[in-house]
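[1] Return a 3D structure for these sequence lines:
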Amino acid sequence: MEPAGTLPQPAWKLNADPVVYDNELLIDVDCLNIDSASFQQLKEEARHDPGKVEEQILAIVSRRGKMHNPVTGSGGMLIGTVQEAGPRFPARNVKKGMKIATLVSLTLTPLRIEKIKKIHMDTGQVEIKGQAVLFASGPFAFLPDDIPEKVALAVLDVCGAPAQTARLVRPQDRVVVLGAGGKSGLLSLYQAWKKAGKSGQVIAIEAGEKACREIRSLGLAHDVIRLNATDPMAVYEAVHTATRGKLADLTINCVNASDTELSSILATRDQGLVYFFSMAVQFTKAALGAEGMGKDVQMMIGNGYAPGHATLAFQSLRECDRLFQVFAKRYQ
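    Next comes the predicted model:
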């Protein structure tokens, strides 16, 4: 709707009327999983008041026709029940009444909220009554029978991160995961450990003491370092020490706070790769910061989609029961 003619993601406002074309799905929405960077920003602005967070979410969706945080630019994803499947929707196996999770951002998903039932302040999950539209191009997943619904929602929100990690890590790599204690960080850490745990080096950096203890209990890193990722020199010195001056071949940024771009770049060796999965990352800070420090590193923006990403993320939990238990405890 605004500006006219733009595609849904960059548009300021979408038409969220619950009416679909013949190649779309109409979904009765049960729960939103707000992007971690977005939810953190909303909580901080609301001073951790659930009532004010609710007001913010309702205001954004009312103004924009989608859950597109104007500060962070990020959204999240949802789960719900198919209310109507257009006859030309590409996936022919989708029928009315099926429970699905969308695997596209809420920043491009037409959404109408009738009521917010409950906000889970510790996880960013928001139970609602509402409707959403899934376009023909939008990937989705059926919810598995062996994984609790709230766990599945959390995993699917970040399943692009472990899929890309599995692609990028080579057996002898030195891998640093910033924000390793969050859901994307833990899933990425598991894939990094699978690929480089035996012959490489996996370093987990996390600010929270409880999260560090969880990572140590999982046994998915050679080094677990409690550190604020917004302090670039502290991160550089820690990684320099842990790698004996070699630095990381690959750094994966999963931090939900701003100002971690230079930490990621400094932790990475020349001609190494930085994978920015975090939606709090700003391209200009990363590009111009690397230039200013004379760092020759490749930088990759996190793409939330990769073929088979949902399957791989669920399989990670099935393969590692300890990891599953951490997710189950958080999202029970």
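
[2] Am I right that Gln83 falls within a helix?
    No: secondary structure of Gln83 (DSSP: H, G, I helix; E, B strand; the rest coil): strand, not part of a helix.

[3] Settle this for me: it is touching Glu24, isn't it.
    No: assessed by Cβ atoms under 8 Å, Gln83 is found out of contact with Glu24, at 11.3 Å. (Glycine included, C-beta is placed from N, CA and C.)

[4] the more surrounded of those two?
    Glu24 (19 against 16; other Cβ atoms under 10 Å).

[5] need the contact list for the more buried one.
    By Cβ atoms under 8 Å, 6 or more residues apart in numbering, Glu24 lies in contact with 86, 89, 133-136.

[6] Could you single out the nearest of those to Arg216?
    Using Cβ to Cβ, Leu134 comes nearest to Arg216 of the contacts of Glu24, at 39.9 Å.

[7] Enumerate every residue touching the residue nearest to that closest one when sequence neighbours are not counted.
    Leaving aside its chain neighbours, Leu134 sits nearest to Leu25 (4.2 Å; criterion: Cβ to Cβ, 6 or more residues apart in numbering). Contacts of Leu25 were listed using Cβ under 8 Å, 6+ apart, and they are 82, 84-86, 89, 94, 100, 133-134, 140.

[8] Dig out what Leu25 forms beta bridges with.
    Ala85, Leu134 (DSSP bridges).

[9] State the distance from it to Val82.
    Separation of Leu25 from Val82 (Cβ to Cβ, to the nearest Å): 6 Å.

[10] cool, and Asn303?
    26 Å.

[11] ok, those two, which is more surrounded?
    Counted by other Cβ under 10 Å, Asn303 and Val82 do not tie: Val82 has more neighbours, with 19 against 13.

[12] wait, the more buried one sits on Lys95?
    Yes: using Cβ under 8 Å, Val82 is in contact with Lys95, at 6.7 Å.

[13] Leu111: which of the contacts of Glu24 is nearest?
    Looking across these and measuring by Cβ to Cβ, the closest to Leu111 is Val133, at 8.0 Å.

[14] OK, contacts around the residue lying closest to that closest one once chain neighbours are set aside?
    In space, Val133 comes closest to Pro110 once its chain neighbours are excluded; the distance is 4.2 Å by Cβ to Cβ, 6+ apart. By Cβ under 8 Å, 6+ apart, Pro110 lies in contact with 8, 14-17, 65-66, 132-133.

[15] Greatest separation within those: which pair is it?
    Pro8 and Asp17 (14.1 Å).

[16] between those two, which one's more packed in?
    The neighbour count for Pro8 versus Asp17, taken as other Cβ under 10 Å, is higher for Pro8 (20 against 11).

[17] Next up, phi/psi of that one, please.
    phi -60, psi -40 (degrees, to the nearest 10).

[18] got it, and Ile205?
    phi -120, psi 130.

[19] Verify the contact between it and Val176 for me.
    Yes: Ile205 is in contact with Val176 according to Cβ under 8 Å; the separation is 6.4 Å.

[20] Which stretches in the stretch 201-332 of the chain count as strands?
    Counting by DSSP state E, counting those that start in this stretch, one finds strands in the stretch 201-332 of the chain at the ranges 201-206, 223-226, 248-253, 268-276, 298-301.

[21] Find the centremost residue of the protein, please.
    By Cα atoms, centre = their mean, the mean C-alpha position of the chain lies nearest to Val158, the distance being 3.5 Å.

[22] OK, contacts around it?
    Counting by Cβ under 8 Å, 6+ apart, Val158 touches 36, 183-184, 187, 254, 277, 313.

[23] Tell me how far it lies from Asp35.
    9 Å.

[24] Could you do Gly138 as well?
    For Gly138 relative to Asp35 (Cβ to Cβ), the value is 16 Å.
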